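Engineer: Okay, sequence plus prediction incoming.
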Amino acid sequence: MNDLITRKSGRAGHVTLNRPQALNALTHPMCLDLEQAMNDWMADDTVELLLIDAAGEKAFCAGGDIVKIYNEGKSGQVENALRFWRDEYRLNHAISTYAKPYVAIMDGIVMGGGVGISAHGSHRVVTERTMFAMPECAIGLLPDVGGTYLLGQMPGACGEYAGLTGARLSGADCIYAGLADYFVPSDKLESLKTALLETGDVAVLQEYATMPEGSALAENRTAIDAAFALDDVADIMQALKTDPSDFAKSALKNSLRGAPLCMKITLIAIREARQNRSLEMALRNEYRIVSTCLQEGELIEGIRAMVIDKDRAPKWKYPTLESVPQKMIDRLYQPAAGGDFAIDK
């Protein structure tokens, strides 16, 4: 069974993630196959658009294959993991600059690597079943695959909130935050996909889209900005501790799951990405950080606690915000060992 199904259908190139038993988690070969299909269809005048969806109803893609990264990191085979990240990040950038419409059906769980192959597309569709999240701080990482760039473009301090808490965002939240373009009820998806494949015309998206209601981000925007726009993570945590609202209590609880080192670097990276407004620069910075987190940071312990042993009790090297040394923050921003990420590599 192919993990990634690619075929021409009608007037479109159609890609389906096909690992429903693993919530369509993204593997290195899947990244390479998607990139090859994009290149082939770019040169094919009979292909008007690319449509990407996923098998099953639970998930579009729940992230990258972090178990493989854990095993490689533990055995010292870090170059394999670094190669995966380089190829994945190159794919993320290629999606953002693809010259034909790239339509992503973000139905179900969309996390980590799944964000990278959907939210950078030109036409992004969510449903009432969408659950978008970037909870990387809890596994000793930061929101990558261009996640810091996407979070940096969200309104107000919503990006800081989503990045530091790993908040689960609904389809309505994604529309409000600019992470998606169209809200389509899930029972209309098959008809929509058929229309896209037959016509090759993204204008049909407007015929199926509706306006969603009930964005929690919009409802809590004042509280989000009051806390998450503060200067540093310690100030944000203190503001949440002194706020008696249910929203603040929930945000604080979710924030405390993150590795303090990764919380600090995530806040910095989101704000730098907002200022730079460059996906390529964000990917370069993310690669520097993830490559160091794999070898010197908290990633291996975070994956162990959350995914391997599932005891949800990570023993961080730096267990508190105060214990994170500035030299480690500085180290994360040094050029990556073996060279920085670049689009042409």
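Structural biologist: Yep, it's here.
Engineer: Give me the helix or strand of this protein that scores worst on average pLDDT.
Structural biologist: In the chain, no helix or strand scores lower on mean pLDDT, DSSP states H and E than helix 66-74, which sits at a mean of 88.
Engineer: Packing partners of that one?
Structural biologist: The helices and strands touching helix 66-74, judged by 3 or more C-beta pairs under 8 Å, 6 or more residues apart in numbering; DSSP states H and E, are helix 78-96, helix 279-295, helix 299-303. For the C-beta atoms, the positions are set from N, CA and C on the backbone; glycine is no exception.
Engineer: Put together a markdown table for those helices, with mean neighbour count, mean pLDDT and distance to residue 199 on each row.
Structural biologist: Below are these laid out as a markdown table (neighbours: other C-beta atoms under 10 Å; pLDDT from 0 to 100; distance: least, C-beta to C-beta, whole Å):
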| stretch | mean neighbour count | mean pLDDT | distance to residue 199 |
| --- | --- | --- | --- |
| helix 78-96 | 20 | 95 | 22 |
| helix 279-295 | 22 | 94 | 30 |
| helix 299-303 | 22 | 95 | 43 |
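Engineer: show me where pLDDT drops low in the stretch 201-345 of the chain?
Structural biologist: 345 (pLDDT under 70).
Engineer: Quick one: neighbours of the nearest residue to residue 214 once chain neighbours are set aside, just the number.
Structural biologist: Leaving aside its chain neighbours, residue 214 sits nearest to residue 172 (5.4 Å; criterion: C-beta to C-beta, 6 or more residues apart in numbering). Counted by other C-beta atoms under 10 Å, the residues lying close to residue 172 total 21.
Engineer: Now the element after the helix or strand containing residue 251, going C-ward?
Structural biologist: Taking DSSP states H and E as the criterion, residue 251 maps to helix 246-255. Using DSSP H and E, the next helix or strand after helix 246-255 towards the C-terminus is helix 260-276.
Engineer: Counting neighbours, which bits of that following helix end up buried?
Structural biologist: Counting neighbours by 16 or more other C-beta atoms under 10 Å, one finds that the buried residues in helix 260-276 are 260-274.
Engineer: Now do it and helix 246-255, the angle between them.
Structural biologist: Orientation check (axes from the mean of the first three to the mean of the last three C-alpha atoms, to 10 degrees): helix 260-276 against helix 246-255 gives 110 degrees.
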